[in-house]
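> Quick one, structure for this:
(2 chains)
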Amino acid sequence: MAGAPIELLQRVPLFAELDPGELEQIARLFKERRFAKGETVVMEGSGGAAFFLISSGEATASVGGAERPTLQPGDYFGEIALIDEGRRSATITATSDLLCYGLTFWEFRPLVEGNGIIAWKLLQSLAKKLRAAQAD
Amino acid sequence: MNEVLPLDKARDTALFGSKAVGLGDAARAGLPVPPGLALSGEIVEAVAGGDESAIESVVQSAMPLPRPLAVRSSAVDEDGAEASFAGQHLTLLNVPSTDELPSAVRDIWWSANSDSAITYRQRVGLFTRPSVGVVVQALLDPDVAGVMFTQNPMNGADERVIEGSWGLGEAVVAGIVIPDHFRVDRSGEPLERKAGLKRVAIRAVASGGTVEEEVPDEMVERLCLDDGQLQELNQLALRCEQVYGPARDIEWAFAGGTLYLLQCRAITRTGR
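Numbers count the residues shown, from 1 in each chain, chains lettered A, B, ... in the order given. Reported below is the predicted structural model:
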């Protein structure tokens, strides 16, 4: 089937307010991407326009050289790049063959621009993230 | 348009990209291009997205091609995109069968959307949605391959400059050998023959992909082209100039005694 499994998307806080029909619209935009063991998935400081969900395999993450918890199936990274075209904040390296589903900025943006309900729910998710960050 | 066409039918760079149309021009002019297909940017996107009818269309169209396959990107979105994105977009040599073709096409789509490609786009102010066509061709098993400039790129002299090495031409393009260096005048007369150090050759392996193979000692410094082959290359240079105009940068290969044209583009800079 084309696109990402809905149950993977449901674990992403950015999409938490979306109903199953809205999630399905987004799921269809994802494309499978495979990384070989040892491959650098994203590099801290580089540009990025894709968000990835891990379907199988594991990856390590590091920020400024400091190790972060291992990424496993169901984990995700790069969701803010879907919105702000910003720099990667971590380096992620596949420690086994890695199957991901990826969504790019260019596919995501037209969907959000054309659907006010999805856009509003994403804003609510971002607002929650902002409050959580301020509380830390 | 959601299209897969034989290379000689690919005419629209906005659909298929400049590499595919350049090879299409060569095929239409009767130049010795390996058989192949051009995939439009739209069908590449559909295959990458797992669209079953697009995958079926690509796989069925590729069935008649001799295997293994070489799968290359053909950027379609900007003027001069091929040159701009050289090294950013992926080439997959030795895709063993059509079963592996959809994942090869998907990998090429992702190479245009990779972080390194995106970083490059941001740096040069091209932060727009990438579109990438694909060229699928029969992969040759060359005895010798390399590059040729139809005029000297260092000083603009009206002579052919040829660099060659054993096996696939990627050894020359990627700079992993010191290739043999030749200069040939417009009549095909050799002006210079300088042996390089060709310690490795890139070869296709049966399971897919390529391997760097050690070259036997006696071939490391032996010239990889004889005068007859230099004459054939000179004839190819003449034909390419007739079709495309002067100052061309050509990738070529000899396989089974036959000379093939793999790519022909404008020389981007000369010393003149």
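
> low-scoring pLDDT stretches of the chain, where are they?
No chain in the question, so chain A it is. Low-confidence segments of chain A, defined by pLDDT under 70: A:1.

> um, chain B though
Low-confidence segments of chain B, defined by pLDDT under 70: B:1-2, B:77-88, B:127, B:269-272.

> how is it carved up into domains?
Structural domains of chain B, as assigned by automatic domain parsing, span the residue ranges B:4-138, B:144-266.

> Which stretches in chain B count as helices?
Under the criterion DSSP state H, chain B carries helices at the ranges B:13-16, B:18-28, B:41-48, B:52-62, B:81-84, B:101-112, B:115-123, B:170-173, B:217-220, B:227-244.

> What residues does chain A have near chain B?
A:1-3, A:29, A:31-34, A:42-43, A:46-50, A:85, A:88, A:102, A:104, A:106 (Cβ under 8 Å from any Cβ of the partner chain). All C-beta atoms are positioned from the backbone trio N, CA, C, and that covers glycine.

> Quick one: buried ones out of these?
A:2-3, A:29, A:31-34, A:42-43, A:46-50, A:88, A:102, A:104, A:106 (16 or more other Cβ atoms under 10 Å in any protein chain shown).

> can you give me the strands in chain A?
Under the criterion DSSP state E, chain A carries strands at the ranges A:31-35, A:40-42, A:50-56, A:59-63, A:66-71, A:76-77, A:91-94, A:98-104.

> Throw the ones you listed into TSV and include distance to B:Gly245, thanks.
What follows is the strands of chain A, written out as TSV (distance: least, Cβ to Cβ, whole Å):
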stretch	distance to B:Gly245
strand A:31-35	39
strand A:40-42	41
strand A:50-56	39
strand A:59-63	49
strand A:66-71	52
strand A:76-77	48
strand A:91-94	46
strand A:98-104	37
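
> now for the ones you listed, which one comes closest to B:Ser57?
Among these, strand A:31-35 comes nearest to B:Ser57, with 17.7 Å by Cβ to Cβ.

> Please enumerate residues in contact with the closest one?
When contacts are defined by Cβ atoms under 8 Å, 6 or more residues apart in numbering or on different chains, strand A:31-35 is touched by residues A:41, A:52, A:57, A:59, A:94, A:97-103, B:48-50, B:103, B:106-107, B:109-110.

> what about 7 Å?
Counting by Cβ atoms under 7 Å, 6 or more residues apart in numbering or on different chains, the neighbours of strand A:31-35 from elsewhere in the structure are A:41, A:52, A:94, A:97-102, B:48-50, B:106, B:110.

> which pair in the residues you listed spans the largest distance?
Across those, the two members that end up farthest from each other (Cβ to Cβ) are A:Ala94 and B:Gly49, 22.2 Å apart.

> So these two - more neighbours on which side?
Set side by side, A:Ala94 and B:Gly49 show unequal neighbour counts under other Cβ atoms under 10 Å in any protein chain shown, the larger going to A:Ala94 at 22 against 19.

> Just grab the bridge partners of the closest residue to the more buried one other than its chain neighbours for me.
Nearest-residue entry for A:Ala94: A:Phe35, 4.3 Å, with adjacent residues in sequence omitted and distances by Cβ to Cβ, 6 or more residues apart in numbering or on different chains. Beta bridges link A:Phe35 to A:Leu98, judged by DSSP bridges.

> B:Asn155: neighbour count?
If we define neighbours as other Cβ under 10 Å, then B:Asn155 has 11 of them.

> do you know how far it is from chain A?
38 Å (Cβ to the nearest Cβ, to the nearest Å).

> quick one: B:Pro153 and B:Thr268 touch, right?
No: B:Pro153 lies out of contact with B:Thr268 (Cβ atoms under 7 Å); the separation is 8.7 Å.

> quick one: which of these two has more around it?
B:Pro153 (17 against 11).

> Pull the CA coordinates from the top helix by length along chain A and hand them back as PDB.
Ranked by residue count and defined by DSSP H, the top helix of chain A is helix A:116-135. Output in PDB follows, covering the C-alpha atoms of helix A:116-135 (Å, rounded to 0.1, in the frame of the first residue of the first chain):
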ATOM      1  CA  GLY A 116      -8.000  25.000   7.400                       C
ATOM      2  CA  ILE A 117      -9.200  22.400   9.900                       C
ATOM      3  CA  ILE A 118      -5.900  20.500   9.600                       C
ATOM      4  CA  ALA A 119      -4.000  23.700   9.800                       C
ATOM      5  CA  TRP A 120      -5.800  24.800  13.000                       C
ATOM      6  CA  LYS A 121      -5.200  21.400  14.700                       C
ATOM      7  CA  LEU A 122      -1.500  21.600  13.800                       C
ATOM      8  CA  LEU A 123      -1.400  25.100  15.400                       C
ATOM      9  CA  GLN A 124      -3.000  23.700  18.500                       C
ATOM     10  CA  SER A 125      -0.400  20.900  18.700                       C
ATOM     11  CA  LEU A 126       2.400  23.500  18.200                       C
ATOM     12  CA  ALA A 127       0.900  25.700  20.900                       C
ATOM     13  CA  LYS A 128       1.000  22.700  23.300                       C
ATOM     14  CA  LYS A 129       4.600  22.000  22.400                       C
ATOM     15  CA  LEU A 130       5.500  25.700  23.000                       C
ATOM     16  CA  ARG A 131       3.800  25.700  26.400                       C
ATOM     17  CA  ALA A 132       5.600  22.400  27.300                       C
ATOM     18  CA  ALA A 133       8.900  23.900  26.300                       C
ATOM     19  CA  GLN A 134       8.200  27.100  28.300                       C
ATOM     20  CA  ALA A 135       7.400  25.000  31.400                       C
END
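
> I'd like to know which elements that helix is packed against.
Contact here means 3 or more Cβ pairs under 7 Å, 6 or more residues apart in numbering or on different chains; DSSP states H and E; on that basis helix A:116-135 packs against helix A:105-113.
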